[in-house]
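Q: Sequence below, structure please.
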Amino acid sequence: MMNYNENNNVEKKESKLKKAINFFKGIPKIVKWIILIVFLGAIFYLGMIFSDVYFSQTKTTKLGLEDVGELVTQTGYLTVIRDTEEHREFFNLFKIPFTESRQIFSYDVEVDASVDFAKISYEEDKGKQEITIKLPHAKIYKATLKTDSLKVYLDSESLFSRIDLAEQNEALKVMEEQAIQDAEANGILEAADENAKKLIENLIKSESKYKEYKLIYEYIGG
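A: Got it, this is the predicted structure:
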């Protein structure tokens, strides 16, 4: 059996509950709807925070490399030799003696390969401590012929067949194109790709929170 004090406490609780029910019944419907909407909104907001903190592992992040833009990551230095010849012919049958003009010369050409850092994107996986980096392959940025590096090995010119300025200019263009082909054959683009990855790794891991992260590289377009 309940004693007097216990019975009194139960009656007080019942009285408070009845007052609360009566108070809620007295609230206008519009106010009840407002309270319900605010309550549901609070639950939705807390759910979003909870989801971001505990369930979202992979996300796109900004590490600032895209601000670098087009960056030269490898330069090749080549020497290209050009042999230019001009002569007169007799009805396209044979060369006319003593009408030959010939120039053999060389230029140094600087070939730059670059990576467009503006096209780089990232995905960070905090759970696995990985950053997946998507980037373009390196490409030839430009070839620069060093005019002060000219070396002439033979310059024999005839009055009957002169090598004009247009031919000389075309010869320089051909030398630049040849330098690009030679640089590609010697692996300049592959070296530029590797240097870009080293640069990216150094920049990312300069931040202490990424020092233990594994970097995964994926090339755009395969």
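Q: right, and the helix or strand after the helix or strand of the chain with the lowest mean pLDDT?
A: Lowest by mean pLDDT, DSSP states H and E among the helices and strands of the chain is strand 58-59, with a mean of 40. Counting by DSSP states H and E, the next helix or strand C-terminal to strand 58-59 is strand 70-86.
Q: That following strand pairs with which strands, parallel or anti?
A: Neighbouring strands of strand 70-86 in its sheet, by DSSP bridges, are strand 101-116 (antiparallel).
Q: Mind listing what's buried along the strand it pairs with?
A: Judged by neighbour count using 16 or more other Cβ atoms under 10 Å, the buried positions of strand 101-116 are 101-103, 105, 107-116. For glycine as for every other residue, the C-beta is placed from the backbone atoms N, C-alpha and C.
Q: Using PDB, list the CA coordinates for it.
A: Coordinates of each C-alpha in strand 101-116 appear next as PDB, following Å, rounded to 0.1, in the frame of the first residue of the first chain:
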ATOM      1  CA  SER A 101      74.300  26.900-103.400                       C
ATOM      2  CA  ARG A 102      74.500  25.000-100.100                       C
ATOM      3  CA  GLN A 103      74.300  25.900 -96.400                       C
ATOM      4  CA  ILE A 104      74.900  23.500 -93.500                       C
ATOM      5  CA  PHE A 105      74.200  25.100 -90.100                       C
ATOM      6  CA  SER A 106      72.800  24.300 -86.700                       C
ATOM      7  CA  TYR A 107      70.700  26.000 -84.000                       C
ATOM      8  CA  ASP A 108      70.000  25.100 -80.400                       C
ATOM      9  CA  VAL A 109      66.200  24.700 -79.800                       C
ATOM     10  CA  GLU A 110      64.600  24.800 -76.400                       C
ATOM     11  CA  VAL A 111      61.400  22.600 -76.200                       C
ATOM     12  CA  ASP A 112      59.000  23.100 -73.300                       C
ATOM     13  CA  ALA A 113      56.400  20.600 -72.200                       C
ATOM     14  CA  SER A 114      53.600  21.700 -69.900                       C
ATOM     15  CA  VAL A 115      50.600  20.500 -67.800                       C
ATOM     16  CA  ASP A 116      47.400  22.500 -67.500                       C
END
